[in-house]
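Visitor: Sequence first, then the predicted structure:
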Amino acid sequence: MGLIANYSCLSDANLKELKAMGSEEEEILESVEEWNDDDELLLDIDKMWDVLHFVLTGVGTDHKDDNNPLSQAVLGITAVEEISDYLAYTEHDKLADIVAALEQFNMEEALETFDMAACKEAELYPDIWDYDEEEEEIKDELLHDFEQMKRFYKQVLDANGNVLVSIC
């Protein structure tokens, strides 16, 4: 199956509840699943989260940059600690900076220098970098995921929501 990244709009009430849960992993994951079932603003970028972060920032997700809105777009800002899956959130007041950074980023230009060997060397997830014949398909998927992410963040900003990132 693999590690899949999902992004959802989180209401202020649900964010407050999440912050109050502490480290009760089962309760947190059940609540997140329930909130996602109720939410209409969702984004699923499947397994391309690590390479998308790499294209946007020049490094894999092992090198999260808390000061870079492009890194924050992929990984969120505040990680929920002490649970086995990756879960993080971004509060509404940070979304305008993320939207602006995504708007200013030229993905088509970045993909012109996309290099499968560099992805392999950086040990990015998923491990598909030996399939050179799939490079154009991967680039198309990255462009699609980027455009969907840009649209998602704008919609959440307009809805006065927060963003929840889960990678599991």
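Guide: Ah, there it is.

Visitor: Now do Leu42: how many residues are near it, please.
Guide: 13 (other C-beta atoms under 10 Å). The C-beta positions use only the backbone N, C-alpha and C, and glycine is treated the same way.

Visitor: Surely it touches Ser8?
Guide: Yes: with contact defined as C-beta atoms under 8 Å, Leu42 counts as touching Ser8 (5.1 Å).

Visitor: shared neighbours, those two?
Guide: Residues touching both Leu42 and Ser8 (C-beta atoms under 8 Å, 6 or more residues apart in numbering) are Asn36.

Visitor: Give me the neighbour count for the closest residue to Met116 other than its chain neighbours.
Guide: Among residues not flanking Met116 along the chain, Trp129 sits closest, at 4.9 Å (C-beta to C-beta, 6 or more residues apart in numbering). Residues near Trp129, counting by other C-beta under 10 Å, number 20.

Visitor: so where's this protein uncertain?
Guide: For the chain, the stretches flagged by pLDDT under 70 are 1, 23, 37-39.

Visitor: Identify the single longest helix in it, thanks.
Guide: In the chain, ranked by residue count with DSSP state H as the criterion, the top helix is helix 135-158.

Visitor: which of the residues in stretch 5-17 are buried?
Guide: For stretch 5-17, a neighbour-count test (16 or more other C-beta atoms under 10 Å) marks 5-10, 14-15 as buried.

Visitor: How about the secondary structure of the residue nearest to Met116?
Guide: coil (DSSP: H, G, I helix; E, B strand; the rest coil).
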